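Trainee: give me a 3D structure for the following:
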Amino acid sequence: MSGIRDQRGQAAVETVAILPLVAIVAAIAWQVVVAGQAIWMAGGAARAAARAEAIGADRETAVRRALPPRLEQGLRVLAEDDGVVVRVRIPAVLSGVRLGTATARAHLRDQDG
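Mentor: Just a heads-up that it's a prediction; the model follows:
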């Protein structure tokens, strides 16, 4: 009977030992999702800025309306000859980590002809 008890104890120890690894993998997976969303939303904001520029509206306002407030920190909207560039800082799941920026470009082609 003591052999079964020893195996249960070992299983409990192994479970507790693997929990930090599971937490790290989950945090990395969540960070990938957050980074993907920032890239996706930067693209949408760049398209909104290009549309605004095409009709003579303020591109920065269009970008801010297209992005959630958490992505406005570190936001840069730049005009280029052929369109607009939007840069947003990728939010970190763990505080104190800098992950860089997501950059998206957009332009509208002439609709004449």
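Trainee: now the helix-or-strand element of the chain with minimal mean pLDDT, how far from the centre of its chain.
Mentor: The weakest-scoring helix or strand in the chain, judged by mean pLDDT, DSSP states H and E, is helix 2-54 (a mean of 86). Taking Cα atoms, centre = their mean, to the nearest Å, one finds the center of helix 2-54 at 13 Å from the center of the full chain.
Trainee: remind me what it packs against, helices and strands.
Mentor: helix 59-66, strand 83-89, strand 101-106 (3 or more Cβ pairs under 8 Å, 6 or more residues apart in numbering; DSSP states H and E). For the C-beta atoms, the positions are set from N, CA and C on the backbone; glycine is no exception.
Trainee: deepest of those, which one?
Mentor: By mean neighbour count, with neighbours taken as mean count of other Cβ atoms under 10 Å, strand 83-89 ranks first of these at a mean of 22.
Trainee: what comes into contact with that strand?
Mentor: By Cβ atoms under 8 Å, 6 or more residues apart in numbering, the list of residues contacting strand 83-89 from outside reads 38, 41-42, 45-46, 49-50, 53, 59, 63, 67, 71-79, 99-108.
Trainee: so residue 107 sits against residue 51, correct?
Mentor: No - with contact defined as Cβ atoms under 8 Å, residue 107 does not count as touching residue 51 (10.4 Å).
Trainee: quick check: neighbours shared by these two?
Mentor: Counting by Cβ under 8 Å, 6+ apart, residue 107 and residue 51 have no common neighbour.
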